[in-house]
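Participant: make a model of this:
(one chain, ligands or ions: 1)
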Amino acid sequence: MTEAVDLESLWDTVIASVDVPTRAWLRRTRPIAMHGTTMMLAVTDEPTRERVETRLRQLIEQHLSERCGEPTHLAVMIDPNQVPEPQPPAAAQVAEETVAAMPEPLLARPRVNNDLRLNPRYTFESFVAGASNRFAHAAAAAVAETPGKSYNPLLIYGPSGLGKTHLLHAIGHYVQSYYDNLRVKYVSTEELTNDFINAISSNRTAEFRSSYRDIDVLLIDDIQFLASKIQTQEEFFHTFNTLHNAQKQIVMTSDRPPKLLEALEPRLRSRFEWGLMTDIQPPDLETRIAILRKKVASQRLTAGTAVMEVIAQRITTNIRELEGALTRIAALASLNQQEITMELAEQVLNDLMPEGEVQVDAQSIMEATSQYFGISVDDLTGPSRVAGIAMPRHIAIYLCRELTDLSLPKIGAKFGGRDHSTVLNSVRRISDKIGEDRSLFTQVTELTNKIKQS
Ligand SMILES: Nc1ncnc2c1ncn2[C@@H]1O[C@H](COP(=O)(O)OP(=O)(O)OP(=O)(O)O)[C@@H](O)[C@H]1O
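Facilitator: Reported below is the predicted structural model:
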């Protein structure tokens, strides 16, 4: 079903089987691609999108599912350019575009050795698509399949811990595995800013430029941090134009839509809105359960559906917290050498989420940790690698990642300017050990209680 010809004729049969008023609406749409069991549909304008989303979706998905022989979903985007008036374009056009996008002229180029530092766990395979993220997921998949050709730029926005970084890395992995010769770069906005500042201070702006412009797919995380950084914005504006003009793919994430990024230059904001913007919402209960099920399977744990339901019911807004809870539950089960039971899950959840949830910040985590271990906050943020200091530091960093919305570079900055990979290293160290080392588990649990109660 990937060929556009099939897609167009499939769509024609759907249009033919609906009543006339509905048909009039559907003439204002055009199928763009099929990703797995999701059809990407371009529509001319907001009223059409609204109509399709609210009134017609069920009917269309029913028709599509019947014809495709499996449950098929719809992801709707506004893109008038994809729906030429008055006649739809030749059916093969999209297919031709897709073929043109394939690496033909690029084959001559040597294989690129991308040093991406992507999280190996963040792939499309490990991502669970549900109602809250289906569109973002389908758009990311489209971009990964034909970089620079489908939606450019692609901007994925939404609150913390809902999978934006995961999708960005998944695009990176995918392009890297299927396009040997495309240069991919993934950076957080903080790294971009630091790179730029370093380049200026060491007179190496030309190098900086080529490292960002000599790229086929640029993935930038958390662009809200560009706000108020006037010089970096200026530089990024030119990088953006260079890449976009050359039809190089740009994908960005942000914690809010560009129009709410008030401290961003208007010309940059408007460029961010050129392509496709898609949000990610907190997942519904079914999706949360599906995510837990996937994690349980991938970690070869055994947890019954009832237990997963309890976890998913208690932790509703942030998937990182959901994973954190599962990690702790699995850790306690492993330490006790027992199955993950309901009692055990409840016990950990009660520890993790005492009544009257409090907002936790890095400062309170650092203070509580230093107090708990009898060291100073300066020790915690300082350079010492002595175990009595390094271990509390790993724990405090782990707790910052688990209990706050701070990004890895932001956490690094709080801990004496450490970089994001050092932070990630600490997080992994604790989550790897917590199921083997009971005293570590106890320390982390007791500290969490202190922090949440302070
Ligand atoms: N749909 C999903 N399926 C499976 N895992 C998911 C999904 N969404 C998020 N996760 C997991 O939840 C965790 C948090 O996701 P991620 O770091 O991508 O969030 P984010 O939206 O980028 O947050 P932030 O803005 O704080 O960086 C990750 O471990 C990720 O793998």
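Participant: if we go by neighbour counts, what in stretch 18-38 is buried?
Facilitator: Across stretch 18-38, burial judged by 16 or more other Cβ atoms under 10 Å covers 18, 22, 25-35, 37-38. C-beta coordinates here come from the backbone N, C-alpha and C atoms, glycine included.
Participant: and the residue in the stretch 101-250 of the chain positioned nearest to the ligand, backbone torsions?
Facilitator: For the stretch 101-250 of the chain and the ligand, the shortest gap (Cβ to the nearest ligand atom) falls at residue 163, measuring 2.6 Å. Dihedral pair for residue 163: phi 110, psi 10, per degrees, to the nearest 10.
Participant: which residues sit in contact with it?
Facilitator: Residue 163 sits next to 127, 133, 136, 280, 319 when contact means Cβ atoms under 8 Å, 6 or more residues apart in numbering.
Participant: what about those, which are in strands?
Facilitator: Cross-referencing the contacts of residue 163 against strands under DSSP state E gives no overlap.
Participant: now do the strands in the stretch 251-400 of the chain.
Facilitator: Ranges of strands in the stretch 251-400 of the chain, per DSSP state E, counting those that start in this stretch, are 276-279.
Participant: point out where it drops to low pLDDT.
Facilitator: 354-358 (pLDDT under 70).
Participant: ok and the residue in it nearest the ligand?
Facilitator: Counting by Cβ to the nearest ligand atom, the stretch 251-400 of the chain gets nearest to the ligand through residue 319 (3.5 Å).
Participant: for that residue, which residues are in contact?
Facilitator: 161-163, 283, 288, 291.
Participant: let me know the closest of the residues you listed to residue 185.
Facilitator: Residue 185 has its nearest neighbour among these in residue 163, at 20.7 Å by Cβ to Cβ.
Participant: wait, a helix at residue 182?
Facilitator: No - counting by DSSP: H, G, I helix; E, B strand; the rest coil, residue 182 falls outside a helix, being coil.
Participant: enumerate the residues of this protein near the ligand.
Facilitator: 122, 126-128, 133, 160-166, 255, 291, 319-320, 323, 405, 407 (Cβ under 6 Å from any ligand atom).
Participant: what's the closest non-adjacent residue to the residue nearest the centre of the chain?
Facilitator: In the chain, the centroid-proximal residue (Cα atoms, centre = their mean) is residue 164; its distance is 1.7 Å. Excluding the flanking residues, the one nearest residue 164 by Cβ to Cβ, 6 or more residues apart in numbering is residue 253, at 4.0 Å.
Participant: try residue 287
Facilitator: residue 130 is the one closest to residue 287 (Cβ to Cβ, 6+ apart), at 3.0 Å.
Participant: surely that neighbour and residue 285 touch.
Facilitator: No - Residue 130 is beyond contact range of residue 285, at 9.8 Å (criterion: Cβ atoms under 8 Å).
Participant: among these two, which residue is more densely surrounded?
Facilitator: Between residue 130 and residue 285, counting by other Cβ atoms under 10 Å, residue 130 is the more crowded of the two (17 against 12).
Participant: the more buried one and residue 64, how far apart?
Facilitator: Distance of residue 130 to residue 64, given as Cβ to Cβ, to the nearest Å: 18 Å.
Participant: likewise for residue 230?
Facilitator: 48 Å.
Participant: again with residue 138
Facilitator: 14 Å.
Participant: what about residue 422, how many neighbours?
Facilitator: Neighbours of residue 422 (other Cβ under 10 Å): 17.
Participant: which ones are touching it?
Facilitator: Residue 422 neighbours (Cβ under 8 Å, 6+ apart): residue 412.
Participant: what are the bridge partners for the closest residue to residue 154 other than its chain neighbours, then?
Facilitator: Excluding its sequence neighbours, the residue lying closest to residue 154 (Cβ to Cβ, 6+ apart) is residue 251, at 4.7 Å. Beta-bridge partners recorded for residue 251 (DSSP bridges): residue 154, residue 219.
Participant: quick one: end-to-end length of stretch 401-417, please.
Facilitator: Across stretch 401-417, the terminal residues are separated by 16 Å (Cα to Cα, to the nearest Å).
Participant: what does it contact?
Facilitator: 159-161, 188, 190-191, 221-222, 225, 318, 320-321, 324, 360-363, 365-366, 380-383, 393, 396-397, 400, 418-420, 422-424, 427, 448, 451.
Participant: any buried residues in it, and which?
Facilitator: Of the residues in stretch 401-417, those buried by neighbour count under the rule 16+ other Cβ under 10 Å are 401-415.
Participant: what is the rounded mean pLDDT of that stretch?
Facilitator: Here stretch 401-417 scores 90 as its mean pLDDT.
Participant: likewise stretch 430-448?
Facilitator: On average, stretch 430-448 scores 92.
Participant: quick one: buried residues of that stretch?
Facilitator: 430-431, 433-435, 440-441, 443-445, 447-448.
Participant: let me know the closest of those residues to the ligand.
Facilitator: Comparing the buried residues of stretch 430-448 against the ligand with Cβ to the nearest ligand atom places residue 431 closest, at 10.6 Å.
Participant: check contacts around the spatially closest residue to that closest one that is not a sequence neighbour.
Facilitator: Leaving aside its chain neighbours, residue 431 sits nearest to residue 327 (5.3 Å; criterion: Cβ to Cβ, 6+ apart). Neighbour list for residue 327: 431, 434-435 [criterion: Cβ under 8 Å, 6+ apart].
Participant: next, count neighbours for residue 454.
Facilitator: Number of residues near residue 454 (other Cβ under 10 Å) recorded here: 12.
Participant: okay, and the closest residue in space to residue 394 that isn't next to it in sequence sits in which element?
Facilitator: Leaving aside its chain neighbours, residue 394 sits nearest to residue 426 (4.1 Å; criterion: Cβ to Cβ, 6+ apart). Assessed by DSSP states H and E, residue 426 sits inside helix 420-433.
Participant: pull the CA atoms of that helix into PDB?
Facilitator: Presented in PDB, the C-alpha positions along helix 420-433 are these (Å, rounded to 0.1, in the frame of the first residue of the first chain):
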ATOM      1  CA  HIS A 420      24.500  15.900  28.800                       C
ATOM      2  CA  SER A 421      26.200  12.600  28.200                       C
ATOM      3  CA  THR A 422      27.700  12.700  31.700                       C
ATOM      4  CA  VAL A 423      24.200  13.200  33.000                       C
ATOM      5  CA  LEU A 424      22.800  10.400  30.900                       C
ATOM      6  CA  ASN A 425      25.600   8.200  32.200                       C
ATOM      7  CA  SER A 426      24.600   8.800  35.800                       C
ATOM      8  CA  VAL A 427      21.000   8.100  35.100                       C
ATOM      9  CA  ARG A 428      21.800   4.800  33.400                       C
ATOM     10  CA  ARG A 429      24.200   3.900  36.200                       C
ATOM     11  CA  ILE A 430      21.500   4.200  38.800                       C
ATOM     12  CA  SER A 431      18.700   2.600  36.800                       C
ATOM     13  CA  ASP A 432      21.100  -0.400  36.000                       C
ATOM     14  CA  LYS A 433      22.100  -0.900  39.600                       C
END
